[in-house]
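Student: Could you work out the structure for the sequence below:
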Amino acid sequence: MSDELPVVAILGGTGDLGTGLARRWLQAGYAVIIGSRTKEKAETAVAELEKVLAERGVSSPRVSAMDNVAAAGAAAIVAMTVPFAHHRSTLETVKEQLQGKILIDVTVPLVPPKVARVQLPEEGSAGQMAQNFLGDNVSVVSAFQNVAAVHLQDNHELSCDVLVCGDNKDARAEVIKLANAAGLRGIHAGSIANSAATEALTSLLIFINKQYKSHTGIRLTGLPEEV
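Tutor: Residues are numbered from 1 along each chain as shown. So this is what the prediction gives:
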């Protein structure tokens, strides 16, 4: 990719996690497209984003609203922050638009009501499911599952690592740039098969958060601050 920052679309981007990532990337100078099943719902989220960013001194953020299909087609990198129940149906809708691109799959295979219990799918992980379905012409990268949305929504400094899994090392590197731009520390964590471990960690963190009434993340020891 060129030195110019790529346009990033966030499918299902109207929730707390999607808008939290959008806020951080917009503040870092990225152009962001908020995608939703309807353009109208995305427009509502964009209006709120613009209001919050104006309060933080960010003028004229490059943010726009589209439906998921248009958003996936218009961006160089696409993130997907939909619930697991809508994972496959969303992929089916945008499969054609994702060809030749990077998909950041933030989905966690949570199965209500026991979301604090690890329940991985037969394929191993949501990230692996996405890669299998989309094919080799899409670089699926699994990331951001272990970051609390409440921290992304806030403007404070973060001390949290993002484990980045994907079969294409260059694609992982692009997602690590986005993690760093969001104020996190992106870590190469191996192939998409390893996303089973990062996705499973989310249920573990949910249990810990309920137990201790907290919003925990993960931080690896023994690494330099910049990796």
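
Student: Residue 180 touches residue 173, doesn't it?
Tutor: No - contact between residue 180 and residue 173 fails when scored by Cβ atoms under 8 Å: they sit 10.6 Å apart. In this view, the C-beta of every residue, glycine as well, is placed from N, C-alpha and C.

Student: In contact with the residue nearest to the spatial centre of the chain: list those residues for me.
Tutor: Centroid-nearest residue in the chain: residue 106, 4.3 Å away (criterion: Cα atoms, centre = their mean). For residue 106, the contacting residues are 17, 79-81, 142-145, by Cβ atoms under 8 Å, 6 or more residues apart in numbering.

Student: for residue 184, same thing?
Tutor: So, once contact is read as Cβ under 8 Å, 6+ apart, residue 184 ends up touching 147, 158, 160-162.

Student: so where's the protein shaky on pLDDT?
Tutor: For the chain, applying pLDDT under 70 flags the ranges 1-3.

Student: circling back: of the contacts of residue 106, just the buried ones, ChimeraX syntax please.
Tutor: Here is the ChimeraX selection string for the buried members of the contacts of residue 106, based on 16 or more other Cβ atoms under 10 Å:
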select :17,79,80,81,142,143,144,145
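
Student: And the contacts of residue 106, which two are furthest apart?
Tutor: Spanning the widest gap among the contacts of residue 106 are 17 and 142, at 14.2 Å by Cβ to Cβ.

Student: Does residue 16 touch residue 151 like I think?
Tutor: No - judged on Cβ under 8 Å, residue 16 makes no contact with residue 151 at a distance of 10.5 Å.

Student: Would you mind telling me which of these two has more residues around it?
Tutor: Neighbours per residue, other Cβ atoms under 10 Å: of residue 16 and residue 151, the larger number sits with residue 151, 19 against 13.

Student: Run through the residues that contact the more buried one.
Tutor: 20, 158, 160, 215, 217.

Student: Following element in sequence after whatever helix or strand residue 93 lives in, please.
Tutor: Under the criterion of DSSP states H and E, residue 93 resides in helix 87-98. With elements assigned by DSSP H and E, the helix or strand that comes after helix 87-98 is strand 102-105.

Student: following that next one, which helix or strand shows up next?
Tutor: For strand 102-105, the succeeding helix or strand toward the C-terminus, using DSSP H and E, is helix 126-134.

Student: mind listing the helices for this protein?
Tutor: With helices called from DSSP state H, the chain shows them at 16-27, 39-55, 68-74, 87-98, 126-134, 149-153, 169-181, 195-212.

Student: any chance of those helices in a markdown table, plus distance to residue 116?
Tutor: What follows is these, written out as a markdown table (distance: least, Cβ to Cβ, whole Å):
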| stretch | distance to residue 116 |
| --- | --- |
| helix 16-27 | 18 |
| helix 39-55 | 28 |
| helix 68-74 | 29 |
| helix 87-98 | 20 |
| helix 126-134 | 17 |
| helix 149-153 | 17 |
| helix 169-181 | 25 |
| helix 195-212 | 4 |
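
Student: Tell me which of those helices sits nearest to residue 223.
Tutor: Proximity to residue 223, assessed across those by Cβ to Cβ, is greatest for helix 169-181 (12.9 Å).
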